[in-house]
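A.B. asks: Okay, here's the prediction I keep looking at, along with the sequence it came from:
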Protein chains: 2
Amino acid sequence: MSNTTEHAYRSHYCGTVTENLMDETVTVSGWVHRRRDHGGVIFIDLRDSSGLVQVVVDPDTPQAFAAAERLRAECVIQVTGRVRARPEGTTNPNLPTGQIEILAKDLQVLSMAEPIPFQLDEKVGEDVRLKYRYIDLRRDDMQRNLKLRYQVTRAMRNYLDDNGFMEIETPMLTKSTPEGARDYLVPSRTHPHKFFALPQSPQLFKQLLMMSGFDRYFQITRCFRDEDLRADRQPEFTQLDLETSFLTEEGVMALMEGLVKHIFKEGIGVEFSEDFPRMTYAEAIRKYGVDRPDLRIPLELMDVADLLQDIDFKVFAGPAKDPKGRVAALKVPGGARLTRKEIDEYTKFVGIYGAKGLAWIKVNDLSRGIEGLQSPIVKFFPDQVMEIMERVGAQDGDIVFFGADKAKVVNESLGALRVKLGEDLGMLEGEWAPVWIVDFPMFEEDEKTARLTAIHHPFTQPKATTEELRALEQEEKHQLLSRAYDLVINGIEVGGGSVRIHDSAMQAEVFKLLGISDEEAQEKFGFFLQALKYGAPPHAGMAFGLDRLVMLMAGCDTIRDVIAFPKTQSAACLLTEAPGEVAPEQLRELGLRFREAVK
Amino acid sequence: MSNTTEHAYRSHYCGTVTENLMDETVTVSGWVHRRRDHGGVIFIDLRDSSGLVQVVVDPDTPQAFAAAERLRAECVIQVTGRVRARPEGTTNPNLPTGQIEILAKDLQVLSMAEPIPFQLDEKVGEDVRLKYRYIDLRRDDMQRNLKLRYQVTRAMRNYLDDNGFMEIETPMLTKSTPEGARDYLVPSRTHPHKFFALPQSPQLFKQLLMMSGFDRYFQITRCFRDEDLRADRQPEFTQLDLETSFLTEEGVMALMEGLVKHIFKEGIGVEFSEDFPRMTYAEAIRKYGVDRPDLRIPLELMDVADLLQDIDFKVFAGPAKDPKGRVAALKVPGGARLTRKEIDEYTKFVGIYGAKGLAWIKVNDLSRGIEGLQSPIVKFFPDQVMEIMERVGAQDGDIVFFGADKAKVVNESLGALRVKLGEDLGMLEGEWAPVWIVDFPMFEEDEKTARLTAIHHPFTQPKATTEELRALEQEEKHQLLSRAYDLVINGIEVGGGSVRIHDSAMQAEVFKLLGISDEEAQEKFGFFLQALKYGAPPHAGMAFGLDRLVMLMAGCDTIRDVIAFPKTQSAACLLTEAPGEVAPEQLRELGLRFREAVK
């Protein structure tokens, strides 16, 4: 048998071989990034995790030269050679190693590579990237993204440690939790026909940890939701989860704002000198149509319903009179230059959000009054239009868009249009716009069932006492506010939390308001209601979506670019081909058999 | 609605109120640890995560006094009062706060507690502890265990960061991996009748990360095994998982030894001044019967088969002549004092491991030769016994035990007996005995199928080239060593690892030796074999069982005492009652139905 002797693959990382090592002999290992034959000599850009270094192999070292001739991109080699200055005119000031090259004395092929399916600097479709993720991850930007992710989690942990938090692990095989999304289920073999659920969040466990006397808890942990993956979601995602005892929202928000400032500074060198502004949910909806406004965009929705209730034009008058309706204007400075075709595109765009049309007025020359306006709709409310122009502060060259519908449709469509216009017209002001959203409503009505659901979750404390909750009239339920808070940066909700209920009676009352029967509450949350009776401290917490936060900081468009091995929109892994088939005996052991799936 | 104003629950943590704050007014919050009424005054030991402080409530503050009278253990209260010296003779030098007490001016009940099911200082069964885990976790020792666990993981992360490692998350919803244990399966809804598996370890992903160019990876991550839970296992457990490129076993072992030294120092203040010793697998089995020897016990097995092959006594001569047999002696200094009853107990004990009996010789007086020995078996080999006594170095007062059977039975039974005797007779020398076990065999034969299985896993590099593997004779396969290494401390395997195969042809050859067909290898590991062809660096790694390591450091008997919410031996959570029932429509969505489970 061959005897494996000790072997040093490197004396230095590639990216660290600089002119400081001039004339020394070094050993480096890495991937053949590029190979060029030039003037009878072979040049290799050798790459490892630290960067690139240029290796020169000349025919004077025939063994090394022969080996180098066989190399192709992504072969893994080990080179020993002397560091020397690059000839004048061939230095590369963009590389730390750009002043030198290594003249190879010895070159060993550690691992031959077959021709790779795509080059590292080649643009290829995401499916190919995900199938060969181990090649895709070698790219500079993917290396950078995952390093940033690590630096961010490390900065989080350091900050939290400094502030008295302690990481505690909570179970992955657990009971179905009530976040409202669909659970991933795990059949139990030892308890036939029973199932674990993978956690949608450690919500109940972290509250139990507060009842266990752990003053400040955190965990960077995987969470799971079996949802149809719209937009930018993953079936498994990572959350920075936190909980504190004996703090109110003010205490938690101060700690969390400090955390975000710390990771932005440590991660990407961005310093926020000011406190993050705060905005109520009501104000956010009124001005921006959404509860996660991108404040870099200097556009605001303005209500004009009061001016349009009595006109004949039903499209506006109807929603203006409807208590659940909204008529809002969105003024876009300089927008009069939009072409008819562009306006048609935006009309289609708001259609995605259910808007049946997009009314507009171009402001060409205000000094000419209504004559100076260009619009298909002005004729329907000639007596009101100048007051509207005044209210929105229109100036020559502006365009004013209108939404008139159920409030939800107006908010979503104009809210999205605002962001799109801001981006399309290059209106973004400043790079980072954080904002705390507070005073959320406690409940919202499910559109289909008309039942109340919790906007945050049923463990959030309402701004009311248990007695006040019991006395709530039907209409007041919608006005009830909660002690919840979200952190939004650049229009992305990066985290949210609340002060929790720490009283068993209040918790039971909130379940009742949500239409959860005593029996159901006992069955699902009996252990939790019981725990609240044995000495539960006041507590409050928060959770951050790590993937989104890092995506934002890395300037990526999708969270898939900050996850090493993400899944596709259909929740599959193109690399390993998971999910996969299982053997019939595995199913039998679990007491399961197949039936037709309900699509 | 009540307006929730900002509220400061505390100015200080309980455990930090010392004589430095004399005469100052402080606010503390926490749990009523004990309440005593004494001389018309109420004394409360108030507890939070930092410790205890004594609060005094006297009738001069009637509101506070009335509130205090209603309190029982584990109520959560907030107290504002003045710090004053305890009366002489009532100070407690064992507490940092033992010189002072807080005279309450104001006392608010934040959360009443019903009578708790057990007191914190009460010994109760583990079932009760697990059902009310949130009370159990308030105990001093459980708080300490989980704090230690956090400190250990923090020390690990710091050390690894300092050594150029980077944490990268790998998927939880993945493909069935080949660790050999049973997978937990997760049915896919979007891909009907297909399943994810929860990872038994991130083995393939971490190797893919090396192929992705991440030089040094680690992850503290959850792993899952659906095994029948013998002894001290959990269905989900936590692993410190690591992998490095361009290092051999020497490099990895040096880094990992540094890691273990660092966490022992940071976690429990233990410093290892020496290098950890190394021992081959063969030596460990020969001397200790197991590959995870507890070196604190100064007892060793000794082979005596060569002396007993030709005697008539079949019980010894049979195994002595059998190439798969073993006859070994275990000398126990001072063991001649063991009673017949104790020896009978040990005989029963080795029966657990399949030994059909336990032969013994008490050494009463060596100067009298064979006459000085007391034993039921000496008569069967009178001519050999004195040479055996000499070989094992017997002295007056010793006992020598014998095992004779298949080697496996002798190793397991005498190996276990050695540990039990060491503990029972108080022979442990030194507190910590780490040892590296190296030179593991690559394969072992499955007893039932006679097929080869991998001792570590099939990605471990054998000490042979691909060509040598191809030329292996049947018999040589058992002698083949692997480049694997385990770290054992005090008889507990805390971690293991290996140099991995980084060559597609060698990997395919190892699969073949394991009886995995080309087709099966392609189906299960095709993506991995392919990845090895596109530039795989030499790599090696390791994994540590975090639960076991912390258990060892905390001095606990079970890993359940270092896990916040562990499961029982039947893989159930007594707190949440997971696993639980699911709604029929959840099963339908997954395309599954029940059948009788195969027990």
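C.D. replies: Here it is on my side, so go on.
A.B. asks: Show the end-to-end separation of stretch A:182-197, please.
C.D. replies: End-to-end distance for stretch A:182-197: 10 Å, by Cα to Cα, to the nearest Å.
A.B. asks: What about A:F237, how many residues nearby?
C.D. replies: 17 (other Cβ atoms under 10 Å in any protein chain shown). In this view, the C-beta of every residue, glycine as well, is placed from N, C-alpha and C.
A.B. asks: can you tell me which helix or strand A:G541 belongs to?
C.D. replies: If you go by DSSP states H and E, A:G541 is part of strand A:539-545.
A.B. asks: Is that strand in proximity to chain B?
C.D. replies: No: for strand A:539-545 and chain B, the contact criterion (Cβ under 8 Å from any Cβ of the partner chain) is not met; the two come no nearer than 10.1 Å.
A.B. asks: any idea which helix or strand comes after that strand?
C.D. replies: helix A:546-554.
A.B. asks: Just the CA coordinates for that following helix, please, in CSV.
C.D. replies: Extracted in CSV, the C-alpha atoms of helix A:546-554 (Å, rounded to 0.1, in the frame of the first residue of the first chain):
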residue,chain,number,x,y,z
LEU,A,546,-31.4,37.3,7.2
ASP,A,547,-31.6,36.4,3.5
ARG,A,548,-33.4,39.7,2.7
LEU,A,549,-31.2,41.8,4.8
VAL,A,550,-28.0,40.4,3.2
MET,A,551,-29.5,40.7,-0.2
LEU,A,552,-30.2,44.3,0.5
MET,A,553,-26.7,44.9,1.8
ALA,A,554,-25.1,43.0,-1.1
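A.B. asks: so A:R36 sits in a helix?
C.D. replies: No: read with DSSP: H, G, I helix; E, B strand; the rest coil, A:R36 is strand and lies in no helix.
A.B. asks: And the pLDDT for it?
C.D. replies: At A:R36, the model reports a pLDDT of 96.
A.B. asks: Contact partners for A:V28?
C.D. replies: Applying Cβ atoms under 8 Å, 6 or more residues apart in numbering or on different chains to A:V28 gives the contacts A:10-14, A:17, A:46, A:48, A:53, A:55, A:78-79, A:102.
A.B. asks: Could you name the helices and strands sitting against the longest helix seen in chain A?
C.D. replies: Secondary structure assigned by DSSP state H gives helix A:140-162 as the longest helix of chain A. Here helix A:140-162 touches strand A:216-224, strand A:236-245, helix A:249-268, helix A:546-554, helix B:140-162, strand B:166-167, going by 3 or more Cβ pairs under 8 Å, 6 or more residues apart in numbering or on different chains; DSSP states H and E.
A.B. asks: Parallel or antiparallel, list what pairs with the last one.
C.D. replies: So that's strand B:166-167. strand B:216-224 (parallel) (DSSP bridges).
A.B. asks: and if you look at the second one?
C.D. replies: Based on DSSP bridges, the pairing partners of strand A:236-245 within the sheet are strand A:216-224 (antiparallel), strand A:539-545 (antiparallel).
A.B. asks: TSV please, covering the ones you listed and showing mean pLDDT, mean neighbour count and distance to B:V304.
C.D. replies: Output for the strands paired with strand A:236-245, formatted as TSV (pLDDT from 0 to 100; neighbours: other Cβ atoms under 10 Å in any protein chain shown; distance: least, Cβ to Cβ, whole Å):
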stretch	mean pLDDT	mean neighbour count	distance to B:V304
strand A:216-224	98	23	54
strand A:539-545	98	24	64
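A.B. asks: could you check the distance from A:A68 over to A:T97?
C.D. replies: 19 Å (Cβ to Cβ, to the nearest Å).
A.B. asks: between these two, which one's more packed in?
C.D. replies: Taking other Cβ under 10 Å, A:A68 and A:T97 do not tie; A:A68 has more neighbours (27 against 24).
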